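Peer 1: what's the 3D shape of this:
(chains A and B)
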Amino acid sequence: MKGEQLQRVRRTKRNQLLLFLIILAVLTIWSAVGTDFTPGALWGGIGDGARFLFVDLMPPNVSEFPGLIQPALDTIYMSFVAMVIGSVIAGLLSIFAAATTSPHPALQIGLRAFSAMFRNIPVIIWTILLVASFGLGKLVGTLSLLIVSIGMLVRCYAESLEEIDMGQIEALRSTGASYWQIITQAVLPQFMPSLVGWSLYNLEINVRASTIVGMVGGGGLGFTIQSGMKLFQYKEVSMAVLLVLCIVLVTEFMTNRIRERII
Amino acid sequence: MTLLQVENLKKVYADGTAALGGIDFKVEAGEFIAVIGPSGAGKSTLLRCLNQMVGPTSGKVIFQGADTINAGNRKLRQIRREMGMIFQGFNLVERVSVLTNVLHGRLGYMSWRGALGLYSKSDIQEATRLLERVGLGEQIHKRADELSGGQQQRVGIARALAQKPKLILADEPIASLDPAASEVVMNSLYTFCKEDGIACLCNLHQVDMAKKYATRIIGIYKGTKVFDGTPEQLTDEMIELIYNQNKGGGADGLSAGEGVNDSSRGLPVQKETVLA
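Peer 2: All right, here's what the predicted structure looks like:
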């Protein structure tokens, strides 16, 4: 009796797995046909790709380095400013967007929707839209990074705020503390570690995103890469790409160190 | 003048749970009242309805002549700051110093300065003095979560005292403490209330503690008051009644209290450790 049952369960499990694999295979073939993808096409491109990578791009033109310092700094400035201003604005908005601290549910839903729009439109589209109204440059790059930072941070902050210990808030409420007194004296101390953690993570994301933003007119290293490609200055492009990699790695290293220190 | 007057206080939660079914009592200045009853009887809800942490469904709560239920925001802050509250889970702000936690008791008297954490010199001196009084003078600059449970609860008492309250509401102050720490905490609470002339309403699980400290005991069962009298009047039969009412064995004990209104509801028996 029991063995029979066990066998039946095993059989259904095996059938489920089989069905899953069949569906996966069908979907893959269907998408491959739709995109004209064949393993052969991949093979055919390897020669051209390798030549571009190893002949055109290599070696990086180190003598271009002095000219790249300013764009590299611009990239860092943009990411940093977007993070700092973004976390101040998002910090304030997230207090109203979190169920635990929001004065009114309607405000909470409104802000959630608002930040979802900021965050879910990709940063490259924000830049293209803003270039149309502000022209090319760092300002546009910073603004688009700022918009996406706010979108992301409001959500992350609000979710952290919803996990705070309500007992501590209850205690301050019972002493007769006002709304803002409770926010600064009971909510903020609990919120601080996640605030710092998410902001640093946001800085990393901004540094990566800032190159893409630069490519569509937002200034910084991305802009240098894009114009280098158009002028066939591939050795300069590879130098800039190398710099981007360096900046990303250094940022990651530093934010990790700071996070360890603070939390 | 009566310090606190509670009339026909009812609370029905949004999910339909009737936590309080019409409670009446009065508290005079300087009384130390223990509120006993099984888990889920409505003791916590009762305390929270007094300082409006939970909004009652109907009834009256008059504190020093002021209607707390219909009080506006500003008035409610004034009422709350004169009612200290102590919690089962201590509810200290864990990541700040012990001293700051005591200073939080002053927030009800402050405006924007409180939001910025700019406490006055005299408040800081007073908070330090209070911490010395509860025996934590050495710990004032430690982070609150570095202290033991008993020490944290004493900080909780200091925070309540910093409010210069007329009444302290203590919600199971010793339920998460070991026996030794419980003794210290109850002793401090009792002594300070007596010395400062503060009335205290203290929810307790431990009937022995209630008998030891209280000047008066209120028994709550299923959201109604089933006993209100002196510790001497609280007989073993009465205790049995408060905690295990649907057993229906202690009908004789009724003479000590005000009468049990409903013993036929067929409730699940909630066994509690009644006496040590």
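Peer 1: tell me the pLDDT at whichever residue of chain B sits closest to chain A?
Peer 2: Relative to chain A, the nearest point of chain B is B:Gly108 (2.5 Å; C-beta to the nearest C-beta). Glycine gets a C-beta too; all of them are placed from N, C-alpha and C. Predicted confidence (pLDDT) for B:Gly108: 92.
Peer 1: Could you look up the SS state of the residue in the stretch 51-200 of chain A that chain B sits nearest to?
Peer 2: Minimum separation of the stretch 51-200 of chain A from chain B (C-beta to the nearest C-beta) falls at A:Gly176, amounting to 2.5 Å. Recorded secondary structure, A:Gly176: coil (DSSP: H, G, I helix; E, B strand; the rest coil).
Peer 1: One more: B:Arg95?
Peer 2: Of the three states, B:Arg95 takes coil according to three-state DSSP.
Peer 1: can you pull out the helices in chain A?
Peer 2: For chain A, the helices defined by DSSP state H cover A:2-34, A:39-51, A:65-97, A:105-120, A:123-134, A:138-161, A:166-174, A:179-182, A:188-213, A:221-230, A:234-262.
Peer 1: Tabulate the CA atom coordinates of the fourth one in CSV.
Peer 2: Put plainly, it is helix A:105-120. This file holds the C-alpha atoms of helix A:105-120, laid out as CSV (Å, rounded to 0.1, in the frame of the first residue of the first chain):
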residue,chain,number,x,y,z
PRO,A,105,-2.2,55.2,2.8
ALA,A,106,-3.1,57.2,-0.3
LEU,A,107,0.2,59.0,-0.1
GLN,A,108,2.0,55.7,0.2
ILE,A,109,0.4,54.2,-2.9
GLY,A,110,0.9,57.4,-4.9
LEU,A,111,4.6,57.6,-4.1
ARG,A,112,5.1,53.9,-4.8
ALA,A,113,3.6,54.4,-8.3
PHE,A,114,5.6,57.5,-8.9
SER,A,115,8.9,55.8,-7.9
ALA,A,116,8.0,52.7,-9.9
MET,A,117,7.8,54.9,-13.0
PHE,A,118,11.1,56.5,-12.3
ARG,A,119,12.8,53.2,-11.8
ASN,A,120,11.2,51.1,-14.5
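Peer 1: Only alpha carbons, please: show the helix or strand of chain B with the lowest mean pLDDT as PDB.
Peer 2: The weakest-scoring helix or strand in chain B, judged by mean pLDDT, DSSP states H and E, is helix B:236-243 (a mean of 84). Taking Å, rounded to 0.1, in the frame of the first residue of the first chain, the C-alpha atoms of helix B:236-243 are listed here in PDB:
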ATOM      1  CA  ASP B 236      -7.500  31.000  45.900                       C
ATOM      2  CA  GLU B 237     -11.000  30.200  44.700                       C
ATOM      3  CA  MET B 238     -11.200  33.600  43.100                       C
ATOM      4  CA  ILE B 239      -7.900  33.100  41.300                       C
ATOM      5  CA  GLU B 240      -9.200  29.800  40.000                       C
ATOM      6  CA  LEU B 241     -12.200  31.600  38.800                       C
ATOM      7  CA  ILE B 242     -10.300  34.300  36.900                       C
ATOM      8  CA  TYR B 243      -8.000  31.900  35.200                       C
END
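Peer 1: about what we covered before: report the contact partners of the residue nearest to the residue of the stretch 51-200 of chain A closest to chain B when sequence neighbours are not counted.
Peer 2: Nearest residue to A:Gly176, sequence neighbours excluded (C-beta to C-beta, 6 or more residues apart in numbering or on different chains): B:Gly108, at 2.5 Å. B:Gly108 sits next to A:175-177, B:77-78, B:80-81, B:163 when contact means C-beta atoms under 8 Å, 6 or more residues apart in numbering or on different chains.
Peer 1: A:Gly214 now?
Peer 2: Per C-beta under 8 Å, 6+ apart, neighbours of A:Gly214: A:71, A:75, A:141, A:220-226.
Peer 1: Of the residues you listed - the most surrounded one?
Peer 2: Highest neighbour count within the contacts of A:Gly214: A:Gly141, with 36 neighbours (other C-beta atoms under 10 Å in any protein chain shown).
Peer 1: Name the nearest residue to that one, ignoring sequence neighbours.
Peer 2: A:Gly218 (2.8 Å).
Peer 1: could you check the distance from the one you found over to chain B?
Peer 2: A:Gly218 is 38 Å from chain B, where distance means C-beta to the nearest C-beta, to the nearest Å.
Peer 1: My read is that that residue contacts A:Ser144, right?
Peer 2: Yes. Using C-beta atoms under 8 Å, A:Gly218 and A:Ser144 qualify as a contacting pair, with a distance of 6.3 Å.
Peer 1: Now B:Cys202: closest residue in space, sequence neighbours ignored.
Peer 2: Using C-beta to C-beta, 6+ apart, the closest residue to B:Cys202 is B:Ala170 (4.2 Å).
Peer 1: The closest residue to A:Val237 other than its chain neighbours and B:Thr57: what is the separation?
Peer 2: Leaving aside its chain neighbours, A:Val237 sits nearest to A:Gly228 (4.0 Å; criterion: C-beta to C-beta, 6+ apart). With the distance defined as C-beta to C-beta, to the nearest Å, A:Gly228 ends up 72 Å from B:Thr57.
Peer 1: and what of A:Phe191?
Peer 2: In terms of C-beta to C-beta, A:Phe191 sits 33 Å off from B:Thr57.
Peer 1: what about those two, which has more around it?
Peer 2: Higher neighbour count among A:Phe191 and B:Thr57: A:Phe191, with 22 against 14, using other C-beta under 10 Å.
Peer 1: need the contact list for that one.
Peer 2: Contacts of A:Phe191 (C-beta under 8 Å, 6+ apart): A:157, A:160-161, A:164.
Peer 1: Run through the bridge partners of the residue nearest to B:Cys202.
Peer 2: Beta bridges link B:Ala170 to B:Ile86, B:Cys202, judged by DSSP bridges.
Peer 1: Wait, it touches B:Ser188, no?
Peer 2: No. Here B:Ala170 does not reach B:Ser188: they are 11.2 Å apart, not a contact under C-beta under 8 Å.
Peer 1: looking at it, the residue nearest to A:Val237 is touching A:Val241, isn't it?
Peer 2: No. Counting by C-beta under 8 Å, A:Gly228 stays clear of A:Val241, with 9.6 Å between them.
Peer 1: Neighbour count: the two, which is higher?
Peer 2: Taking other C-beta under 10 Å, A:Gly228 and A:Val241 do not tie; A:Gly228 has more neighbours (21 against 17).
Peer 1: Can you check what pLDDT the model gives the more buried one?
Peer 2: You'll see A:Gly228 listed with a pLDDT of 81.
Peer 1: what's the nearest residue to the residue nearest to the spatial centre of chain A if we skip its chain neighbours?
Peer 2: The centre of chain A sits closest to A:Ile205, judged by C-alpha atoms, centre = their mean, with a distance of 4.3 Å. Leaving aside its chain neighbours, A:Ile205 sits nearest to A:Met152 (7.2 Å; criterion: C-beta to C-beta, 6+ apart).
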